[in-house]
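1. Pasted the sequence and its predicted model underneath.
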Amino acid sequence: MRVSVIILNWNDWRSTIEAIESVYRSHFDNYDIIVVDNASTDESIKKIREYSHGKVKIESRYISLNRTNKPLHLFEVSEDDAKRGHFNKKLYEKYDPDRRLILIKNKKNYGFGGGNNIGIKFALSVLGAEYILLLNNDALVTPETLKNLVKTAEDKKVGGVAPKILWAKDPRFIDSAGGEYSKNGYSFDRGKFQPKELFGKREEVSTLCAACVLYSSRALFEAGLFNDKLFFIYYEDTDLASRIRWAGFKLVYEPSARAYHYGGKSTGGLKASDLAISHSLKGQLTCAILNLPKRYTPIYFAGNLIYAFYNAIVRRRIKAVAEGYAMILQTFPKAIRFRRKVQRKISEKEFSRLLLLKWKAF
């Protein structure tokens, strides 16, 4: 089984190198690492090249970073060549997985979904990956992560698997134990900030956090990739997870696989920024329109209005809310069209089985 690990970088080469190094310590013998650079304006390309030559050292709390003795073989690929499939795979395959690295250089910042899509398409069409592991550049895997995720994903009914993700700033606590999708359109990380000993059972879940998630190629060929026409950041992972479920696949939380997530390192901590508020407002409603059964329409519109009211009145972020609704008006007709294209191989009753009703704590 071949796993292609996609790591999206934008102006945060230090975190990206730490994420790469965590993958190289995997107890799994058939993987690729594809770094997709989203047109960084810092020294990311230069530093990744220097890292491949063994000239960059990064301090890490979890892993020892030392590449001075054995340089990596770096395969740089332009965005155009990645899209055309121009790649010397024969030469690439001569090197062991922990001695090779692919760097795709995008011409502009396509956001989370668009940037990852370029890497995913390359992995599926050029490398022939059976599985895609998306790994945030501010996340780390353990040596057993890939092996345990793949073992669970070998069930052909499973379309996506997420590990137990611990909060890197304090690993006594959970960052995400799979996801929860609510009838009001909000998505949540299960177990957020709860003790790591909890959520020890493998379970089917309604959505997955893309900070670290394994998708099967079967599911992606059926459900499609991230919808980068409607999402730039936020809710694109919930949208894809929902389409995978509509296509008839299960989403599974696998606690035997572990990962660590810092959260917000590459984005500078977007949690309460205008960008975060506007895109969350747009993303929540757009994802709900695309995927939730029509009977939940009043609930998810109410959820959107509550979020807007809170941010406009309590946080006084009127500009951010206005920008969010401007984007909603722009994308609404597209969302209606895309909703009609979603393959629905299961009933609304089956899709709703894992949905809950949970209100966001702002």
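-> Cool, got the structure.

2. And stretch 47-58, what's buried?
-> Residues of stretch 47-58 classed as buried by neighbour count (16 or more other C-beta atoms under 10 Å): 47, 48, 49, 51, 52, 56, 58. The way it works is simple: take the backbone N, C-alpha and C, and place the C-beta from them, glycine included.

3. Now stretch 166-175: buried residues?
-> For stretch 166-175, by 16+ other C-beta under 10 Å, it's 166, 167, 168, 174, 175.

4. Let's see which of those end up in strands.
-> With strands defined by DSSP state E, the entries of those inside them are 166, 167, 174, 175.

5. Save those residues as a markdown table, and put in pLDDT too.
-> Output for those, formatted as a markdown table (pLDDT from 0 to 100):
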| residue | pLDDT |
| --- | --- |
| 166 | 97 |
| 167 | 94 |
| 174 | 97 |
| 175 | 96 |
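
6. from these, which single one is nearest residue 322?
-> residue 175 (31.4 Å; C-beta to C-beta).

7. secondary structure class for residue 170?
-> coil (DSSP: H, G, I helix; E, B strand; the rest coil).

8. List the buried residues in stretch 207-225.
-> For stretch 207-225, by 16+ other C-beta under 10 Å, it's 207-220, 222-225.

9. chain center to it: distance?
-> 9 Å (C-alpha atoms, centre = their mean, to the nearest Å).

10. Likewise for stretch 280-296?
-> Using C-alpha atoms, centre = their mean, the offset of stretch 280-296 from its chain centre is 19 Å.

11. Okay, buried residues for the strand ranked longest in the chain please.
-> The strand that spans the most residues within the chain, counting by DSSP E, is strand 250-261. Buried residues in strand 250-261, counted by 16+ other C-beta under 10 Å: 250, 251, 252, 253, 254, 255, 257, 258, 259, 260, 261.

12. farthest-separated two in these?
-> Longest span within the buried residues of strand 250-261, C-beta to C-beta: 250 and 260, 25.3 Å.

13. Could you dump the ones in strands among the buried residues of stretch 166-175 into TSV with distance to residue 194 added?
-> Converted to TSV, these look like this (distance: C-beta to C-beta, whole Å):
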residue	distance to residue 194
166	11
167	10
174	5
175	10
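
14. how much space between residue 99 and residue 357?
-> For residue 99, the distance to residue 357 equals 50 Å [C-beta to C-beta, to the nearest Å].

15. for residue 44, same thing?
-> Distance from residue 44 to residue 357, by C-beta to C-beta: 42 Å.

16. who has more neighbours, the two?
-> Neighbours were counted for residue 44 and for residue 357 using other C-beta atoms under 10 Å; residue 44 has more, 24 against 11.

17. other SSEs contacting the longest strand of the chain?
-> Helices and strands touching strand 250-261, by 3 or more C-beta pairs under 8 Å, 6 or more residues apart in numbering; DSSP states H and E, are strand 139-141, helix 145-153, strand 158-167, strand 174-176, strand 203-205, helix 236-246.

18. Partner strands of it, with direction?
-> strand 139-141 (antiparallel), strand 158-167 (parallel), strand 203-205 (antiparallel) (DSSP bridges).

19. pLDDT of the following helix or strand past it, averaged?
-> For strand 250-261, the following helix or strand on the C-terminal side (DSSP states H and E) is helix 274-291. Mean per-residue pLDDT for helix 274-291: 95.

20. For the residue nearest to residue 40 when sequence neighbours are not counted, give its distance to residue 99.
-> Closest residue in space to residue 40, ignoring its immediate chain neighbours: residue 11 at 4.8 Å, by C-beta to C-beta, 6 or more residues apart in numbering. Distance, residue 11 to residue 99, by C-beta to C-beta: 27 Å.

21. Please say which of the two ends up with more neighbours.
-> residue 11 (18 against 12).

22. tell me the secondary structure for the more buried one?
-> Criterion first, three-state DSSP; result for residue 11: coil.

23. one step back: sort out for me which of the buried residues of stretch 47-58 are in helices.
-> Under the assignment DSSP state H, the buried residues of stretch 47-58 contribute 47, 48, 49, 51, 52 to helices.

24. Can you add distance to residue 17 and pLDDT and give those back as CSV?
-> Below are these laid out as CSV (distance: C-beta to C-beta, whole Å; pLDDT from 0 to 100):
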residue, distance to residue 17, pLDDT
47, 7, 96
48, 7, 96
49, 11, 96
51, 5, 94
52, 10, 94
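
25. Do you know the pLDDT at the residue most central in space within the chain?
-> Nearest to the mean C-alpha position of the chain, by C-alpha atoms, centre = their mean, lies residue 210 at 2.6 Å. With respect to pLDDT, residue 210 scores 94.

26. secondary structure class for it?
-> Per three-state DSSP, residue 210 ends up coil.

27. The closest residue to it other than its chain neighbours: what's it in contact with?
-> In this structure, residue 210 finds its nearest non-sequential neighbour in residue 237, 3.6 Å apart by C-beta to C-beta, 6+ apart. Going by C-beta atoms under 8 Å, 6 or more residues apart in numbering, residue 237 touches 179, 207, 208, 209, 210, 213, 226.

28. Could you identify the most distant pair in the residues you listed?
-> The farthest-apart pair in those, when distances are taken by C-beta to C-beta, is 179 and 226, at 15.5 Å.

29. that older thread, would you turn the strands paired with strand 250-261 into TSV with distance to residue 278?
-> Converted to TSV, these look like this (distance: least, C-beta to C-beta, whole Å):
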stretch	distance to residue 278
strand 139-141	25
strand 158-167	26
strand 203-205	28
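
30. Cool, thanks, talk later.
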